[in-house]
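# Quick check, what structure comes out for this input:
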Amino acid sequence: MKKTIKRMKKVTKQTYINWYKDMLFWRKFEDKLASVYIQQKVRGFLHLYNGQEAVLAGAIHAMDLSKDKMITAYRNHVQPIGMGEDPKRVMAELYGKVTGTSKGMGGSMHIFSKKHGFYGGHGIVGGQIPLGAGIAFGDKYKGSDGVTLTCFGDGAARQGSLHETFNMAMLWKLPVVFIVENNGYAMGTSVERTANHTDIWKLGLGYEMPCGPVDGMNPIKVAEAVDEAIQRARRGEGPTFLEMKTYRYRGHSMSDAQHYRTKDEVAEYKKIDPITQILDIIKDKKYATTEEIEKINQEVKDKVKECEKFADESPYPEVSQLHDVVYEQEDYPFIK
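Modelled structure (predicted):
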């Protein structure tokens, strides 16, 4: 019997308003983290998503959050928020507080939200690529028609695990969408210096995997491409590889001096800022008045303040928690 595949939700006036509200919140959330990092409230590494928001906004629009899943690298603070996680808990996790998504034990690079289908947050470059295929295999094995979006950066696309995973995903026709968020730089190394051509999507051709480039600064283009890939996976036709051409406005991490690019280059990309693009459409089509836009801006500001207050006031974990979060099974059969 042929499966009935539900098509992507229409892009409406409300979609544009929600995109603006969500992407602005994600941007301001990350800006706040940069600010508190300097105050040493957030420690360790901190990788911010500024500039790449359209990839997430478009992808979420195409997903069915009741069954689809996502896994990504360490630039991972706003994805779980977009999928339904409480942003206060995400900020608390970055502060190392017990009210965080992993009780303060994961930190910046390891945000998880099993309840909302977000499987991390992975610090090992490319480590999440085979894991994403494994989650997709689990869905196929159990007979679910859920699809897993497996996201990684242009630097991770050079890891050997990608090729092993691509081969197996095609062989087993796994319901997975591989997404490389090509922001131009692997830390400080440009794409031009990591391979003999810059079209990362072409890596799919060797496996006869459907693949192609996407304007990663435009949530509509992202949603359309991800929707097509998700539908293909739901039909049992296997994986897709999408190269989202995007850009990050901040450094690789907070310790990045950014000597590898000019301020003029960043300014050029700010002309196609995904948030500005959506706001321009809202204004042009008169989807919201100036007052309504200002109200959204204030709501976003207030929401970020709430997150900061919650994280500031939350307690740190007790030392005893070190023993509570370790997997233990008395009759574990594999250790004698």
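
# Flag every buried residue along stretch 236-254.
Within stretch 236-254, the residues that count as buried by 16 or more other C-beta atoms under 10 Å are 238-254. Every residue, glycine included, has its C-beta placed from N, CA and C.

# Kindly report the same for stretch 292-304.
Residues 293, 296, 300, 303-304 are the ones in stretch 292-304 that count as buried (16+ other C-beta under 10 Å).

# Greatest separation within the residues you listed: which pair is it?
Ile293 and Val304 (17.0 Å; C-beta to C-beta).

# who touches the helix or strand hosting Leu131?
Using DSSP states H and E, Leu131 maps to helix 128-142. Contacting residues not belonging to helix 128-142 are listed as 69, 71-73, 119-120, 122, 145-152, 156, 159, 161-162, 164-165, 168-169, 172-176, 178, 233, 239 [C-beta atoms under 8 Å, 6 or more residues apart in numbering].

# For this structure, which segments count as helices?
Assigned by DSSP state H, the helices in the chain fall at 13-38, 53-62, 78-82, 87-95, 128-142, 160-171, 219-234, 263-270, 274-284, 290-313, 321-324.

# of all the ones you listed, which lies closest to Met209?
Nearest to Met209, of all the helices of the chain, is helix 160-171, at 5.6 Å by C-beta to C-beta.

# what's the distance between that closest one and the middle of its chain?
Here helix 160-171 is found 21 Å from its chain centre; the criterion is C-alpha atoms, centre = their mean, to the nearest Å.

# Then stretch 110-127?
9 Å.

# Quick one: end-to-end length of it, please.
12 Å (C-alpha to C-alpha, to the nearest Å).

# got it, and stretch 191-199?
9 Å.

# what do you get for stretch 77-97?
Across stretch 77-97, first to last residue, C-alpha to C-alpha, it's 15 Å.

# What residues sit buried inside that stretch?
So stretch 77-97, judged by 16+ other C-beta under 10 Å, has buried residues 77-83, 85-97.

# what's the answer for stretch 307-315, then?
For stretch 307-315, a neighbour-count test (16+ other C-beta under 10 Å) marks 307-308, 310-311, 314 as buried.

# Return the residues in contact with the most centrally placed residue in the chain.
The residue lying closest to the centre of the chain (C-alpha atoms, centre = their mean) is Gln79, at 4.4 Å. By C-beta under 8 Å, 6+ apart, the contact set of Gln79 is 56, 70, 72, 111, 118, 151.
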